[in-house]
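>>> task: produce atomic coordinates for the following.
(chains A and B)
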Amino acid sequence: VTRWTPFIFGYVMLGLQIGLRRFLAPGNAAPNFGLIAVIFIALHSRRDGALLGGFTVGFVQDLLTEQSLGLYAFSYGLVALVVLSTYKLLPRNHPLSLAGLGLAAGFLTMVVVLLHSFVHPAGPAATDGKIILPRMRISAGAEFASIFFTAFMAPVVIIGLEKGKRMLTGIDANRRRN
Amino acid sequence: LSADHVQAVRWSLGIRPWDLIAAAAFRLFTTATWMSRIRFKHVFAGLMIISATTAFFVPPGMVSSRRPAVELLFAPVSIPSGALGKWAHDKFAPELTTVQQTVQDQAREIEELKNDLTSLRIRMSEIAQLEEYSNEIGDIRPLCTRYDVIGSDSGPRSTLSVQGSRLGGLRDGMFVLYPGGVVGRVQHAGVLGVRVQLITDLGCRERAAFARYDGTRFSRLSIPEALVEGTGKGAMRVGGLTVDQIKLGGLKIGDWAYVSEADWPSYLRGRHLGRVKLIGTRPDAPLFAQITIEPTQNLMRLSKVMIVTKGQEKEPAE
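Take a look at the predicted model:
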């Protein structure tokens, strides 16, 4: 059960992401449940499992969006690496440290998404008669707001799961790391 | 070092580059334990390189058409969570009171009728010129199939996932409507899910014209047709019209934008895209107007949509 638990958790969080996003998005700035799943998996799995889990959640999220394939897989792989390398520096399961991780992970994802939007704009430049319409890129403002929303939600979700993890998930928080 | 020096050293050692490569390859593939040299970190690095290459260096169009849509796999979670989210949204952050809701329902009905009327008037004027297509006037609803919305995009884009499948006859490019006008087009129709790109999504561009209702009197505005582009924030904008054209045409806030795309079926022309919400000037080109258009409903929160599944064969050959 423990081996598959991160994947089940990732499945549930991605289901929530596509189900709830449109109702939790003031100004198109929705929390990223997929990212919270990656942080949770990275905090509660062995190193290899954490990296693979993060990458897999990102890859599946790529299949659920119009963004380019590989974008979230790459981002969440980086996020898993960052969480693995920084979690020891922070107080474990403290809301502020989880919010900080959410903020850092969201910022990293935002940089990758905006960089991708710069390379491959969602709407390329077009001409309307003789008038050139500029490229259309992802809004940095909405991405920023999304980061803060995610950072706010991360402690709520992760601590909520921590409280009932033995009963609900079977993940042993003390079993960690190579 | 000159080339002669390098050559001299090479001959003195008696080793050539391809000898080294051949020796390395021989050692790698003939050693019984070569698989054990590959660690997880190598696999992970390979996956990261492949994903970064696909995201940044491969043109999005090459991959997106081959990507499976898997939204239906997540329906057991997304449908109840969406219903819960809708209930909570309506309960704790209602956009309207009950009285306002009633008024809005009636207003919506009027808008729906106006939408039909605009489309019928536009089509009638076209058919007056082409009498052979006069049998095309009729209700659009028999051509549509209703689908439930099961979720939205997992990233920053404006798309909806509908509870349908390619096996049910849905195809890429099909038109999607709601009673107030146009929703968008089917972007990915897969076996395990169907994704609809909204007209408000970034990169969605359609040609539109403008009209006005004074009471029940319908009038087309003498403004040139223009490209309407989605902003990704629940609205659309027009940036291809000059301020003078807007003034001459008399465009006002509250006027309607409707589809005039030439490659859309004739029975969809005249469907509403939305209402003019704001008229300003483009920050990067002050001689040009920036018109913001909003659909009459938040398209991301639609619970059902109608997909035009029949009648596309009725499109007359040009």
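
>>> can you give me the strands for the chain?
No chain was given, so I picked chain A. With DSSP state E, the ranges of strands along chain A come out as A:126-128, A:131-133.

>>> to clarify, I was referring to chain B.
Counting by DSSP E, chain B has these strands, from start to end: B:144-152, B:159-162, B:175-178, B:181-190, B:193-198, B:205-214, B:217-220, B:226-230, B:236-238, B:256-259, B:272-282, B:285-294, B:304-308.

>>> count the neighbours of B:Ile110 for me.
Burial measure for B:Ile110: 12 neighbouring residues, criterion other C-beta atoms under 10 Å in any protein chain shown. C-betas here are computed from N, CA, C, even on glycine.

>>> and the gap between it and chain A?
Distance check for B:Ile110 against chain A: by C-beta to the nearest C-beta, to the nearest Å, it reads 26 Å.

>>> picking that back up, can I get the strands of chain A in a markdown table with distance to B:Val276, mean neighbour count and mean pLDDT?
Shown next, in a markdown table, are the strands of chain A (distance: least, C-beta to C-beta, whole Å; neighbours: other C-beta atoms under 10 Å in any protein chain shown; pLDDT from 0 to 100):
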| stretch | distance to B:Val276 | mean neighbour count | mean pLDDT |
| --- | --- | --- | --- |
| strand A:126-128 | 17 | 15 | 79 |
| strand A:131-133 | 18 | 16 | 81 |
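
>>> which parts of the stretch 1-150 of chain B sit against chain A?
B:40, B:44, B:47-48, B:50-56, B:58-60, B:63-64, B:67-71, B:74, B:76-82, B:84-86, B:88-89, B:150 (C-beta under 8 Å from any C-beta of the partner chain).

>>> so which of those residues are in helices?
B:40, B:44, B:47-48, B:50-56, B:60, B:63-64, B:76-82, B:84-86, B:88-89 (DSSP state H).

>>> buried subset of those residues, written for ChimeraX?
One line in ChimeraX is enough to select the buried ones among these; burial here means 16 or more other C-beta atoms under 10 Å in any protein chain shown:
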select /B:44,47,48,51,52,54,55,56,60,77,78,79,81,82,85,86,89
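
>>> point to the residue nearest the middle of the chain.
Let's take chain A. With distances taken as C-alpha atoms, centre = their mean, chain A has A:Leu35 as the residue nearest its mean C-alpha position (1.6 Å).

>>> please refer instead to chain B.
The central residue of chain B, meaning the one whose C-alpha is nearest the mean C-alpha position (C-alpha atoms, centre = their mean), is B:Gln197 at 2.4 Å.

>>> contacts only, for the closest residue to that residue other than its chain neighbours.
On the basis of C-beta to C-beta, 6 or more residues apart in numbering or on different chains, the spatially nearest residue to B:Gln197 that is not a chain neighbour turns out to be B:Gln187, at 4.1 Å. B:Gln187 sits next to A:Glu66, B:Thr159, B:Asp172, B:Arg195, B:Val196, B:Gln197 when contact means C-beta atoms under 8 Å, 6 or more residues apart in numbering or on different chains.

>>> what about those, which one has the most neighbours?
Of all these, the most densely surrounded is B:Val196 (29 neighbours; neighbours counted as other C-beta under 10 Å).

>>> of all the residues in the stretch 1-150 of chain B, which one is nearest chain A?
Taking C-beta to the nearest C-beta as the measure, the stretch 1-150 of chain B has B:Val77 as its residue closest to chain A, at 2.5 Å.

>>> so the spatially closest residue to that residue that is not a sequence neighbour versus A:Gln67, what's the distance?
Nearest non-adjacent residue to B:Val77, counting by C-beta to C-beta, 6+ apart: A:Gly15, 2.5 Å away. Taking C-beta to C-beta, to the nearest Å as the criterion, A:Gly15 is separated from A:Gln67 by 18 Å.

>>> do A:Phe33 as well
When distances are taken as C-beta to C-beta, A:Phe33 and A:Gln67 turn out to be 16 Å apart.

>>> run a quick neighbour tally on the residue in chain A positioned nearest to chain B.
For chain A, the residue closest to chain B is A:Gly15, as judged by C-beta to the nearest C-beta, at 2.5 Å. As a burial measure, the neighbour count of A:Gly15 was computed by other C-beta under 10 Å and equals 26.

>>> picking that back up, for the residue nearest to B:Gln197, report the pLDDT, please.
Among the per-residue scores, B:Gln187 holds a pLDDT of 90.

>>> so is stretch B:242-258 next to chain A?
No - Stretch B:242-258 lies out of reach of chain A by C-beta under 8 Å from any C-beta, never closer than 8.6 Å.

>>> what are the buried residues along that stretch?
Using 16+ other C-beta under 10 Å, the residues of stretch B:242-258 that count as buried are B:Thr242, B:Val243, B:Gln245, B:Ile246, B:Gly249, B:Leu251, B:Asp255, B:Trp256, B:Ala257, B:Tyr258.

>>> could you measure from the fourth one over to B:His42?
Put plainly, it is B:Ile246. From B:Ile246 across to B:His42, the span is 60 Å (C-beta to C-beta).

>>> same check, this time on the fifth one
According to C-beta to C-beta, B:Gly249 stands 64 Å off from B:His42.

>>> about what we covered before: which one of the strands of chain B lies nearest to A:Ala80?
With distances scored as C-beta to C-beta, the stretch of the strands of chain B nearest to A:Ala80 is strand B:144-152 (24.8 Å).

>>> pull out the buried residues from the closest one.
By neighbour count with 16+ other C-beta under 10 Å, strand B:144-152 contains the buried residues B:Cys144, B:Tyr147, B:Val149, B:Ile150, B:Gly151, B:Ser152.

>>> can you list contacts of that strand?
So strand B:144-152 is contacted by A:18-19, A:21-22, B:71-72, B:74-75, B:78-79, B:82, B:158-164, B:177, B:194, B:300, B:302-310 (C-beta under 8 Å, 6+ apart).

>>> how about it as PDB, C-alpha atoms only?
Presented in PDB, the C-alpha positions along strand B:144-152 are these (Å, rounded to 0.1, in the frame of the first residue of the first chain):
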ATOM      1  CA  CYS B 144     -26.500  19.800 -30.800                       C
ATOM      2  CA  THR B 145     -25.800  17.200 -28.100                       C
ATOM      3  CA  ARG B 146     -25.700  18.300 -24.500                       C
ATOM      4  CA  TYR B 147     -22.700  17.300 -22.400                       C
ATOM      5  CA  ASP B 148     -21.900  17.700 -18.700                       C
ATOM      6  CA  VAL B 149     -18.700  19.600 -17.800                       C
ATOM      7  CA  ILE B 150     -16.500  17.500 -15.500                       C
ATOM      8  CA  GLY B 151     -13.600  19.900 -14.900                       C
ATOM      9  CA  SER B 152     -11.300  22.500 -16.200                       C
END
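
>>> I'm done for today, thanks for sticking with me.
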